[in-house]
Each structure stands twice: as structure tokens, then as C-alpha cells.
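Peer 1: Predicted model and sequence follow; I will ask about them next.
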Amino acid sequence: MSNWLKEPLIHFLLLGAIIFLIYNQVAGKGSAPGEIFISRGQQENLLNTFGRTWQRPPTPEEFQGLLQDYVRQEIAYRESQAMGLDKEDIVIRRRLRQKLELLAEDVASLAAPSDQDLQAYLDTHTADFVVEPRLTLRQVYFSRDRRGAETERDALQLLQRIGTDGPDGEFEQFGDPLPLPPELRDVRESEIARLFGSVFTDGLQGLETGHWTGPVESGFGLHLVFIEAREAGRAPELAEVREAVQREWLSERRQAAVDGLYERLAENYTIEIESLIEQSPKGKP
């Protein structure tokens, strides 16, 4: 069943059926041109809308007010059409376009994607779903504002001391205060970039794990860095990113449905666009 729901012709037929049903609902059940008929379904819709908004049913007086407002809305709609107030109104045009496109998108969403659909989409758009590199690291910060020209020298002196004393000391005490964590555990590379800046994450590329190294530049100053663990970025399995893949698959499918609708409907029109550039008489530049 899901296969035939994916056919563009089925989408077009379903869209036409939906538009027909909505037109019948709006126009009313057998309403004459000068008659306003409020069906049971329309009244139930008024009751449900009121209940969702106010979390209770309307009182009899409130319900009469809802009916009166509906009648006035219908009168205003019909009289505005009769007076041509809907013509050349950009707000109305945009609203009608929005409703038409929403109908097309709804039809495109009827068929849920299969695993094969999602896997094919993931294979085609792997770069959009790559699992980011993750790092566990420690850092010691050296402020250029505090240390001036001695900043790099101080960092290298501490790095030399670490080489003598071993990598497991509390070396953060020899650095300067920074309102960022001295240790990050299993953190995405993008999150590290958000905290320390992309210059810092660029400086981490290629550094070996298990060693203090540096200094590494950031927007704050210099850092000695100890990378305890690094998990490389990789292409994900579908199970890891199913929700995101399905969301993007549906978004692309809805857009394709809208584009296809306009392409089919445009075949019913001759489209001519007048040139903005006035043509010069022959023989004149």
C-alpha cells in the first residue's frame, strides 16, 4: 500500500479530492447563495476549538456567541467576495498559497518511509548526519592580558616541568583563571569549538592522546592540552539517526510535492513576463 501512495499521480488525485472536500465543507451542505447553513459538523468544530482553548465546554450563552460570530464571519466573507475585496490583496493571496501548499505537503506525508527509503536517503546525504568527533581532555590556560610577553615562555616552562614530573599532576593550579571547565569529558568537537573557539579546535587536530602538548592558541590566550581520549568522526548507522533522517526525508518529500504541484498546474497557463527594460528603436543604441 505504501508504494502506491508514493506515486505522484496518486498525490495529485488525493490533493484534488481534499480540495473538493474542503470546498464542500466551507460552502455548506446544500446552501443556496443567499442562505447560511451551519451544519452539525461545523458546530462540533466550534465546540472542540473552544474546549481546546479554554479547557472547558462553552456555556449556552457563549455557544450562542460562537454561532453569531460564525454567521458574521460567513456574511463578511461572502460580501467581501461580492465587492471584490479579495482581489489583488497580497495578504489573501499569500494565505491561499499557504493553504494550497499545506494540502500538498499533507498528501506527501501520508506514506511513512520504509527502512529502505531512509537508508537510501542516509547514503545520499551521509555528510549531513556524520557523528562528530568526541574528545576527553584537560587544559591549562595562560592569559596574555596577565602575562604579556611572558605568556608563551611560562606555558613552555610548565610543559617542561610536566615532562619531568609526569602527566598526572594538578597542573591547572599553575595557569590563570578562566570561566570555562579545565576538564571536558566525552564532548563533541562542535561543543568544544563553541566554548573555546574554532582556532582552539583547529589546534587540537593531529595531537596525540596521552601526552601534554602545546601551547595551543584560542581566542582567550594559550593552553597546554592533555587529550585523554579521542573518538573519530564517522558515518552513522541508520538506527542512530533515524529520527533526524526521517525528518529530513519528509521535508524533502513535502517540498518535492509542492514543486510537482506547481509544475502540473502551470501547464494550464500561458505565462508571459513583460520585460522591465524598454526596447530601443532599431538603429539607435
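Peer 2: That came in fine, so what should we check first? Being a predicted model, the structure only gives us computed values, none of them experimental.

Peer 1: Please, which helix or strand holds Arg41?
Peer 2: Quick fix: residue 41 reads Gly, not Arg. Assessed by DSSP states H and E, Gly41 sits inside helix 40-54.

Peer 1: Could you do Tyr269 as well?
Peer 2: Per DSSP H and E, there is no helix or strand for Tyr269.

Peer 1: can you check Leu184 too?
Peer 2: strand 183-188.

Peer 1: who does the very next helix or strand once past that strand touch, helix- and strand-wise?
Peer 2: Using DSSP H and E, the helix or strand that directly follows strand 183-188 along the chain is helix 189-196. Under the contact criterion of 3 or more Cβ pairs under 8 Å, 6 or more residues apart in numbering; DSSP states H and E, helix 189-196 touches strand 134-143, helix 198-204. To be clear about C-beta, it is placed using only N, CA and C from the backbone, and glycine gets the same treatment.

Peer 1: Compare the ones you listed and give me the one nearest Leu178.
Peer 2: Across those, Leu178 has its closest neighbour in strand 134-143 (4.3 Å, Cβ to Cβ).

Peer 1: just to revisit the earlier point, out of the helices and strands packed on helix 189-196, deepest packed?
Peer 2: Most buried of the helices and strands packed on helix 189-196, by mean neighbour count (mean count of other Cβ atoms under 10 Å): strand 134-143, with a mean of 21.

Peer 1: now for the following helix or strand past it, which elements pack on it?
Peer 2: Proceeding N to C from strand 134-143, the next assigned helix or strand is helix 144-147, under DSSP H and E. With contacts taken as 3+ Cβ pairs under 8 Å, 6+ apart, helix 144-147 sits against strand 221-231.

Peer 1: contacting residues around the strand it packs on?
Peer 2: With contacts defined as Cβ atoms under 8 Å, 6 or more residues apart in numbering, strand 221-231 is touched by 133-145, 151-152, 155, 158-159, 162, 167, 171, 175-176, 186, 196, 200, 204, 207-217.

Peer 1: Show me the strands paired with that strand, marking each as parallel or antiparallel.
Peer 2: Strand 221-231 has the following strand partners under DSSP bridges: strand 134-143 (antiparallel), strand 212-217 (antiparallel).

Peer 1: Just put those in TSV and tack on distance to Thr59 and mean pLDDT.
Peer 2: Converted to TSV, these look like this (distance: least, Cβ to Cβ, whole Å; pLDDT from 0 to 100):
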stretch	distance to Thr59	mean pLDDT
strand 134-143	58	95
strand 212-217	69	93
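
Peer 1: from memory Ala108 sits against Ser251, does it?
Peer 2: No - between Ala108 and Ser251 no contact is recorded; they are 10.0 Å apart, counting by Cβ atoms under 8 Å.

Peer 1: which of these two has more neighbours?
Peer 2: Neighbour count, other Cβ atoms under 10 Å: between Ala108 and Ser251, Ala108 has more, with 25 against 12.

Peer 1: I'd like the distance between the more buried one and Gly260.
Peer 2: 9 Å (Cβ to Cβ, to the nearest Å).
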